[in-house]
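> pasted the sequence and its predicted model underneath.
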Amino acid sequence: MLPPLPYEYAALEPSIDGRTMMLHHDQHHASYVEKLNAALKDFPELHGRSANWLLLNLIKVPKEIRTAVRHNAGGHVNHSLLWRAMSPTGVDAPVGPLADAIVRDFGSVEKLKARFAEVGERRFGSGWVWLVKTQPAGGKLEVLSTFGHENPMLQGHYPILVNDIWEHAYYLKYENRRADYLKDWWAVANWEEAARRYEASDLADRDDWEAEGGRLSEATA
Ligand code: MN
């Protein structure tokens, strides 16, 4: 099932316009959920798994649906993270241990933002830009981008904050100006959620990663 947006479509204006949010959530994200469910339809043994589990265990997914699962479970997981990575309210700078780790690993919040912009602008075509914590516990923070709907969990990195750099995420308002979108996006970045994820990351083991987001049988009912 498509998770509801945790705020109104227009709540993130002026950074992200309401029509983009409506299309992005109700059409783009919804279609990944629909295609994932369609791919899994004839494989009831997978219905009790979470989308995270499917991504982290692609080798156990039947070959004939592996590519569809990879793309669409990835789309579902990444967009579910994205809606929570943004907030119309909340603090405008990192808080708690995450704030200290950002200074430790980037020098300052401004340097983190500059790195995020650089990596996001450099990604050719569609993808995602991430702030991740490399595992294991106490690992370094890094900024990286992924292609399509790839998720850094597959490389063993825990997502802390994420932005979508597919054109569908910004084209109506920003047209070809991805750099402006990346810059304006910070006004709605959800630092409280990022701090929560950072603190959870040291405790999370692989089972927790796989379970995050709930079981698909509940999610698809
Ligand atoms: Mn998207």
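Good, I have the coordinates. Just so it is clear, the structure is predicted and the values come from calculations on it, not from any experiment. Residues are numbered from 1 along each chain as shown.
> what residues does this protein have near the ion?
Neighbours of the ion within the chain, by Cβ under 5 Å from the ion: 164, 166, 169. Yep, even glycine has a C-beta here, placed from its N, CA and C like the rest.
> among the residues you listed, which ones are buried?
Listed as buried from the residues of the chain next to the ion are 164, 166, 169; burial here means 16 or more other Cβ atoms under 10 Å.
> once you drop chain neighbours, what's closest to the second one?
Okay, so that is Trp166. Excluding the flanking residues, the one nearest Trp166 by Cβ to Cβ, 6 or more residues apart in numbering is Ser126, at 4.3 Å.
> same question, the first one
If the residues on either side of it in the chain are set aside, Asp164 comes closest to Leu82, at 5.3 Å by Cβ to Cβ, 6+ apart.
> which residues does the closest residue to the ion within the chain contact?
Nearest residue of the chain to the ion, counting by Cβ to the ion: Asp164, 4.2 Å away. For Asp164, the contact set (Cβ atoms under 8 Å, 6 or more residues apart in numbering) comprises 24, 78-79, 82, 128.
> show me where the chain has its strands.
Here the chain has its strands, by DSSP state E, at 127-134, 141-147, 157-164.
> buried set for the shortest one?
Burial within strand 141-147, assessed by neighbour count using 16+ other Cβ under 10 Å, is assigned to 141-146.
> where does this protein have low pLDDT?
Filtered on pLDDT under 70, the chain yields the residue ranges 136-137, 203-204, 213-221.
> residue at max distance from the center of this structure?
Asp42 (27.7 Å; Cα atoms, centre = their mean).
> roughly how far apart are that residue and Ala68?
Asp42 sits 12 Å away from Ala68, going by Cβ to Cβ, to the nearest Å.
> I'd say Val91 and Glu192 touch.
Yes: between Val91 and Glu192 a contact is recorded at 6.3 Å, counting by Cβ atoms under 8 Å.
> show me which of those two is the more surrounded one.
Per other Cβ atoms under 10 Å, whichever of Val91 and Glu192 has more neighbours is Glu192, with 17 against 13.
> name the nearest residue to that one, sequence neighbours excluded.
Using Cβ to Cβ, 6+ apart, the nearest residue to Glu192 is Gly90, at 5.2 Å.
> how many residues are close by that neighbour?
13.
> surely it touches Ala195?
No: here Gly90 lies out of contact with Ala195, judged by Cβ under 8 Å, at a distance of 10.3 Å.
> now for the residue nearest to Glu192: which residues touch it?
190-192.
> again, only using 10 Å
Contact partners of Gly90, counting by Cβ atoms under 10 Å, 6 or more residues apart in numbering, are 188-193.
> for those, pick the one with the most neighbours.
Within the contacts of Gly90, Ala189 tops the neighbour count with 24 neighbours, counted by other Cβ under 10 Å.
> alright, calling it a day.
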